[in-house]
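Visitor: have a look; sequence and predicted model below, questions after that.
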Protein chains: 2
Amino acid sequence: MSRPHVVILGAGFGGLAAAKALANRDVDVTVVDRRNHHLFQPLLYQVATAALSPADIAAPVRSILAGARNVRVLLDKVTGIQAGRRRVLLASGAELAYDWLVVATGARHSYFGRDDWAALAPGLKTIEDATAIRHRVLLALERAETETDPARRQALLTFVVIGGGPTGVEMAGAIAELARKSVSRDFRSITPHCSRVLLVEAAPRLLGAFPERLAAKARRAVEQLGVELRLGAPVAGLGRSHVLVGEERIAAHTIVWAAGVQASPAATWLHAPCDRAGRIVVGGDLLVPGEDRVFAIGDTAACLGAAARPLPGIAPVAKQQGRYVARRILGRTAAPFRYRDYGSMATIGRRRAVADFGRVQLAGFPAWLLWCVAHIWFLVGFRSRLSVGLTWAWNYFTFQRAARLITGDIAPDVLTDGAAREAA
Amino acid sequence: MSRPHVVILGAGFGGLAAAKALANRDVDVTVVDRRNHHLFQPLLYQVATAALSPADIAAPVRSILAGARNVRVLLDKVTGIQAGRRRVLLASGAELAYDWLVVATGARHSYFGRDDWAALAPGLKTIEDATAIRHRVLLALERAETETDPARRQALLTFVVIGGGPTGVEMAGAIAELARKSVSRDFRSITPHCSRVLLVEAAPRLLGAFPERLAAKARRAVEQLGVELRLGAPVAGLGRSHVLVGEERIAAHTIVWAAGVQASPAATWLHAPCDRAGRIVVGGDLLVPGEDRVFAIGDTAACLGAAARPLPGIAPVAKQQGRYVARRILGRTAAPFRYRDYGSMATIGRRRAVADFGRVQLAGFPAWLLWCVAHIWFLVGFRSRLSVGLTWAWNYFTFQRAARLITGDIAPDVLTDGAAREAA
């Protein structure tokens, strides 16, 4: 086998972009992921809030790469990298030899050292995270319907989202709509005004990465949906059914974490220098320091952009980096990577969004329409686009949510007041 | 509250039909189910074989009954019934007083006393069952792609369905299509001819409830899909990776149980006479013997039909019984229940089905088209109909499966040969 072997770790936006750019070229490619599916993470909050089904935003990696005859897909977990021997170690016991390695293993949420908070306030990175949050939100509504104690009932109907970035803003808006509008027709004793949704952010404003003016618009939109804001308010403590925000104790049954991310352990595998979030610090060549055949891209890498700030952990950065390393491996470029910023968007419930394209900034309904079109466009696969488009149209016109399923067996203690008791 | 209170246990086809027939009448109704969703079970095998998403065939009970202002929906588990006090005991600790009680708690699969087989050969009754089977089938294909030992590889690519009724026939046909056609484009080392699908039935022929002639057509259709049949062959044993069928030992990683059902413990709760499958033996009034205000319907009841054979455990029987007890409770009928048989159908993969309407019998493509139309028609909710219709059209024209997601974390031992080793 004289063709160079490129191993890509991770089939997220970055890894997949690299694999596609190497498809049917003069290299052999192996993509390793511990999931069989690529996940369109920007819409994951819609699965968590019962608007979409998991299959709408996830597609098998194999299908996406089926046309690339030089690409092999492996369902396996990386356990280590031996850069000296050019080997990747896998959980199945196998070893993969590479000529080029692309590390695109992404990130998980970070609880800033408080790992015990993970069980109390689930984050939102995987399909399982999303269905777990959906489960929790829907079950809280079910239990509130029959709860007679006013304090417990209020705790069940209080939803706290921690983190005021795009994910937190989108989550809070979607929960407010679910808890206040979509379900009002179905329940007998819950009315829309019973529910409280709070959005907690340690910084003094929402959407820190967006311009001040758009963040202010997003703030008004969130407040119009009935979301209460706690800005400049770091979380001081978390319990089974409460959040401490500064001095304030908020009794809440459902707490969602959207505050921070921690890179996968790639830096440890490679003994590479990393920043506080565990991201490997790379230069313009995206090579891991000290290695000449190992790239780190996407959320695994801290790549300095304009003004010497690391590029944000968003899909466009990962995709452009994936395509860049493919071009480098194919010998088509030697110039350093430059991120082209086409703008960023965040949506707040139905009909509202903000979009920042540098000189052009949009807010309100036009931004929301643009957000819908862009997200449908970037969804993987024609089938998903069609399905998501129709589901959104349906949700929009009926105010209903199609995917309001609570799966998993419901243990008796879930139905009683085990968790809510603390709040009362 | 002078209006009589009707409590309906179970929101399957029977319970839901009763609740709908009592909607906005002069009674108060409470529907209790331990799931928040009604499940369209006839299409569950399509979730198990990755053709549909769970939300396509399940809808929140609350939404379905939202327009019935006299109906309350409770998410809770029944733990007992005190018929003397007219009380239902619930897992949450609450008690429900009733004037009329409709027991429609359905059935689970039965392993004929071999409950240890449940973990080896999952059955298909709930969303969780379906996603578990989907997980197992897709993971077997993934592992076969990299397995180098021929015997282990063959075991991974062997799928055994136990039970030759409609569910078993549909399951075997769908797995054969998934393992042979839908995935052939995506895998590099699995080819369609590697996979074996076996259908095992203790009786001498398939579809025992259908006329001989149609069963023979179904048999030919199943065989054309490449399914191997073992008829008149009771299962003698099950292991982690094999099935004993008579003297034959079949090494198989994926085994699906579609052989028998066992009613919910309603007969025990009510100290009522039941048949071998645990179904309460009821007369034409559908009343539980010895009770004058407690009905048993659907899979919970054994109701004698024509030729003194119990009515089959299918949706039309449950629905008609639900509507019948509603009429009785409202005082609109005193005549005994009579089942109107509009026919039965079973489908075998894409383009083939059998349909039995008594004098009219159909097979092949016309029967399959009719099956599609009927199942879309009976699906709950316009949204589901649209979504399933489009998904089927998509699957049909592309040979793809949209919902090929393996969810849940993949433990290292799943990737290695823990289970396959026994087979080798």
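Guide: In hand now; what should we look at?
Visitor: ok, A:A19 to A:G12 distance?
Guide: 11 Å (CB to CB, to the nearest Å). Bear in mind the C-beta positions are built from the backbone N, C-alpha and C, glycine included.
Visitor: all helices for the stretch 201-350 of chain A, in order.
Guide: Using DSSP state H, counting those that start in this stretch, the helices found in the stretch 201-350 of chain A span residues A:212-224, A:266-270, A:315-329.
Visitor: out of those, the one nearest A:A277 is which?
Guide: helix A:266-270 (10.0 Å; CB to CB).
Visitor: tell me what that closest one is packed against?
Guide: strand A:78-82, strand A:280-282, strand A:294-296 (3 or more CB pairs under 8 Å, 6 or more residues apart in numbering or on different chains; DSSP states H and E).
Visitor: for the last one, which positions count as buried?
Guide: Spelled out, it's strand A:294-296. Buried residues in strand A:294-296, counted by 16 or more other CB atoms under 10 Å in any protein chain shown: A:V294, A:F295, A:A296.
Visitor: could you do the second one as well?
Guide: The neighbour-count criterion (16+ other CB under 10 Å) identifies A:I280, A:V281, A:V282 as the buried residues of strand A:280-282.
Visitor: which of those residues sits closest to A:K319?
Guide: A:V282 (16.3 Å).
Visitor: so the closest one sits against A:G290, correct?
Guide: No: using CB atoms under 8 Å, A:V282 makes no contact with A:G290, being 11.2 Å away.
Visitor: in TSV, list the helices of the stretch 201-350 of chain A along with distance to B:V161, mean pLDDT and mean neighbour count.
Guide: Output for these, formatted as TSV (distance: least, CB to CB, whole Å; pLDDT from 0 to 100; neighbours: other CB atoms under 10 Å in any protein chain shown):
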stretch	distance to B:V161	mean pLDDT	mean neighbour count
helix A:212-224	51	90	18
helix A:266-270	43	93	22
helix A:315-329	41	96	23
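Visitor: and A:G284, how close does it get to B:G173?
Guide: 55 Å.
Visitor: okay, these two: which has more neighbours?
Guide: Neighbours per residue, other CB atoms under 10 Å in any protein chain shown: of A:G284 and B:G173, the larger number sits with B:G173, 29 against 12.
Visitor: buried stuff in the helix or strand encompassing that one?
Guide: In this structure, B:G173 sits in helix B:166-177 according to DSSP states H and E. For helix B:166-177, a neighbour-count test (16+ other CB under 10 Å) marks B:P166, B:T167, B:G168, B:V169, B:E170, B:M171, B:A172, B:G173, B:A174, B:I175, B:A176, B:E177 as buried.
Visitor: the strands in the stretch 151-300 of chain A, which residues?
Guide: A:158-162, A:196-201, A:227-231, A:235-239, A:242-245, A:248-251, A:254-257, A:261-263, A:280-282, A:294-296 (DSSP state E, counting those that start in this stretch).
Visitor: closest one to B:I314 among these?
Guide: Across the strands of the stretch 151-300 of chain A, closest to B:I314 is strand A:254-257 (CB to CB), at 39.4 Å.
Visitor: partners of the closest one in the sheet?
Guide: strand A:158-162 (parallel) (DSSP bridges).
Visitor: follow-up on the earlier one: as JSON lines, the helices of the stretch 201-350 of chain A with distance to B:P265 would be great.
Guide: Listed next are these as JSON lines, based on distance: least, CB to CB, whole Å:
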{"stretch": "helix A:212-224", "distance to B:P265": "49"}
{"stretch": "helix A:266-270", "distance to B:P265": "52"}
{"stretch": "helix A:315-329", "distance to B:P265": "51"}
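Visitor: switch the buried residues of helix B:166-177 over to a markdown table; also include pLDDT and distance to B:G232.
Guide: Below are the buried residues of helix B:166-177 laid out as a markdown table (pLDDT from 0 to 100; distance: CB to CB, whole Å):
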| residue | pLDDT | distance to B:G232 |
| --- | --- | --- |
| B:P166 | 89 | 19 |
| B:T167 | 90 | 19 |
| B:G168 | 93 | 15 |
| B:V169 | 93 | 16 |
| B:E170 | 92 | 21 |
| B:M171 | 93 | 20 |
| B:A172 | 94 | 17 |
| B:G173 | 92 | 20 |
| B:A174 | 91 | 24 |
| B:I175 | 92 | 22 |
| B:A176 | 90 | 21 |
| B:E177 | 86 | 26 |
